[in-house]
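Chemist: Give the three-dimensional model of this entry:
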Amino acid sequence: MDKDGIQPEGMVSLRNFMLNLVPFSDDELTDILSHFTPMHLPAGEYFVDEGTVCEHIGFIAKGYVRTYYEINELEVTKSVLPRHHIVTAHASFSMKRPSMEYIQAISDTDLLVIDHKGMYALYDKYHRWDRLGRLIMEQVYGHTEGRVVAFLTLSAEDRYRKMLEDDPHIFKKVPLRYIASMLGITPETLSRIRNKVHKTKAE
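Modeler: So this is what the prediction gives:
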């Protein structure tokens, strides 16, 4: 990681992301952003491996990453995260214990990352940073709860429609096998649902 590799638009996006949640002062933002460093992940490379401790929280400036578990030798995708989202193995990062999940770049991905020491130093220094951390965790748990409710209450087709509504570009950027896994269906079922939905739209 090299500070010379920081893309200005990535820093601007991170700055705007934070300001949309908490009204930091200019001085606070300058100090906070100085704790972030760039990380580039080529497609297929891991942000964290299962069994290792996650050392960073990342802001995705460009690209897509997926989080998944390995269950009975099968990869089960938990989520696919696009740019301008926060990514980390939360329990591993906060409790410094081995991660139970994998986090992998699907495409060439640029992130801005902060390590555990920098994160907690900012918690001690700025009460607004502590508030930002709580708000992000609320978003994470809200998203997780929403996915659980969707699995319990929506059909596979309705889950597909909701994903299409939330992020229509995901189907152009992410392999369909990952999307099928995230929806809890087979690639063949996903193909049938996609054909049905697009046929309905064309009528």
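
Chemist: Tell me the bridge partners for the residue nearest the centre of the chain.
Modeler: What sits nearest the mean C-alpha location of the chain, by Cα atoms, centre = their mean, is Leu81, with 3.6 Å. Counting by DSSP bridges, Leu81 is bridged to Val65.

Chemist: So it sits against Tyr64, correct?
Modeler: Yes: under the criterion of Cβ atoms under 8 Å, Leu81 lies in contact with Tyr64, with a separation of 6.8 Å. C-beta coordinates here come from the backbone N, C-alpha and C atoms, glycine included.

Chemist: list residues touching both of these two?
Modeler: Both Leu81 and Tyr64 lack any common contacting residue under the criterion Cβ atoms under 8 Å, 6 or more residues apart in numbering.

Chemist: Could you pull out the strands in the protein for me?
Modeler: With DSSP state E applied, the chain shows strands at 37-41, 46-48, 56-62, 65-71, 74-81, 86-87, 102-105, 109-115, listed in chain order.

Chemist: Can you lay out the ones you listed as TSV showing mean pLDDT and distance to Leu14?
Modeler: What follows is the strands of the chain, written out as TSV (pLDDT from 0 to 100; distance: least, Cβ to Cβ, whole Å):
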stretch	mean pLDDT	distance to Leu14
strand 37-41	96	11
strand 46-48	97	16
strand 56-62	95	5
strand 65-71	94	16
strand 74-81	92	15
strand 86-87	94	10
strand 102-105	97	18
strand 109-115	96	5
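
Chemist: Can you tell me which of these is nearest to Leu21?
Modeler: Proximity to Leu21, assessed across the strands of the chain by Cβ to Cβ, is greatest for strand 86-87 (10.6 Å).

Chemist: That closest one: how far from the chain's middle?
Modeler: Taking Cα atoms, centre = their mean, to the nearest Å, one finds strand 86-87 lying 4 Å from the centre of the chain it belongs to.

Chemist: got it, and stretch 134-151?
Modeler: Offset of stretch 134-151 from its chain centre (Cα atoms, centre = their mean): 12 Å.

Chemist: for that stretch, what is the average pLDDT?
Modeler: In this model, stretch 134-151 has an average pLDDT of 85.

Chemist: now do stretch 11-30
Modeler: 95.

Chemist: Of all the strands of the chain, which one is nearest Ala156?
Modeler: Closest approach to Ala156 among the strands of the chain (Cβ to Cβ): strand 74-81, 14.7 Å.

Chemist: Give me the buried positions along the closest one.
Modeler: Neighbour-count burial for strand 74-81, with 16 or more other Cβ atoms under 10 Å as criterion, is recorded at Thr77, Ser79, Val80, Leu81.

Chemist: Of those, just say which sits nearest to Arg131.
Modeler: Distance to Arg131 across these (Cβ to Cβ) is lowest for Leu81, with 22.4 Å.
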